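J.: quick one, fold the following:
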Amino acid sequence: MNAMQKLIAIFILLAGANAYADGYMFKAGRFPEGKVTVLTLTAEQKKQIELYYRCRDNRYTPYIFRLTSEQSKHLKKEAGKSPKRYAIFESYRGEEGIELDYNVINRFSEQSFEIPHKTLVSDSMVQKYENEIMGWKPSPFEKLEIYRLRADKCP
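T.: Okay, the predicted model is just below:
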């Protein structure tokens, strides 16, 4: 990472921390401001979230959650866009807020999650952020077939 990339990374981290302090904290377990799309989790998405929380590794990108085609159509109708990948947060499990600024979901109950429209950006912007700014490696979760995994094994 050259000096300019380090400076940009520090700026984004400080801006993200400031945004988190200024309003990305959950209120009653929900995203506190702006429009959101609420969707229902599929059984496979629940398994993916469970596995992610059990096996996550901070060296890899957290942008691993994908919508079904129906969920994607619904989000596009409501928000005007539907990126391919999202980072997972769970007020349902006690998380107090969202740490990232782009393409996030908040699971707020056993069955439901919300996507705040104000966080939606293009896939290319997220890819640039995760590769050039954060230096995250691709996640082994991105290409998982959940039904093939053993419950006690991390990818």
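J.: please, which helix or strand holds the residue nearest the centre of the chain?
T.: Centroid-nearest residue in the chain, with Cα atoms, centre = their mean: A87, separated by 1.2 Å. In this assignment (DSSP states H and E), A87 forms part of strand 86-90.
J.: got the contact list for that strand?
T.: Defining contact as Cβ atoms under 8 Å, 6 or more residues apart in numbering, one finds that strand 86-90 is touched by 49, 52-53, 62-67, 95, 97-100, 102-108, 115. Just so you know, the C-beta spots here come from the backbone N, C-alpha and C atoms, and that holds for glycine as well.
J.: same thing but 7 Å
T.: Under the criterion Cβ atoms under 7 Å, 6 or more residues apart in numbering, residues 49, 52, 62-63, 65, 95, 98, 100, 103-107 lie in contact with strand 86-90.
J.: distance between the ends of stretch 75-85?
T.: With Cα to Cα, to the nearest Å as the measure, stretch 75-85 spans 13 Å from end to end.
J.: quick one on the thing from earlier: who does the residue nearest to the centre of the chain bridge with?
T.: Going by DSSP bridges, A87 is paired in beta bridges with Y63, V104.
J.: now do it against P155, distance only.
T.: Distance from A87 to P155, counting by Cβ to Cβ, to the nearest Å: 17 Å.
J.: hmm, back to that, can you list the contacts of strand 86-90 in CSV and add neighbour count and distance to T40?
T.: Below are these laid out as CSV (neighbours: other Cβ atoms under 10 Å; distance: Cβ to Cβ, whole Å):
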residue, neighbour count, distance to T40
I49, 20, 13
Y52, 20, 18
P62, 22, 22
Y63, 26, 21
F65, 23, 14
E95, 15, 20
I98, 22, 20
L100, 20, 23
N103, 24, 19
V104, 23, 18
I105, 25, 12
N106, 24, 14
R107, 22, 11
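J.: out of those, the closest to S122 would be?
T.: Distance to S122 across the contacts of strand 86-90 (Cβ to Cβ) is lowest for N103, with 9.1 Å.
J.: thought the closest one was touching S122?
T.: No. In this structure N103 lies outside contact range of S122 using Cβ atoms under 7 Å: 9.1 Å.
J.: now do the shared contacts for these two.
T.: Common neighbours of N103 and S122 (Cβ under 7 Å, 6+ apart) are P83.
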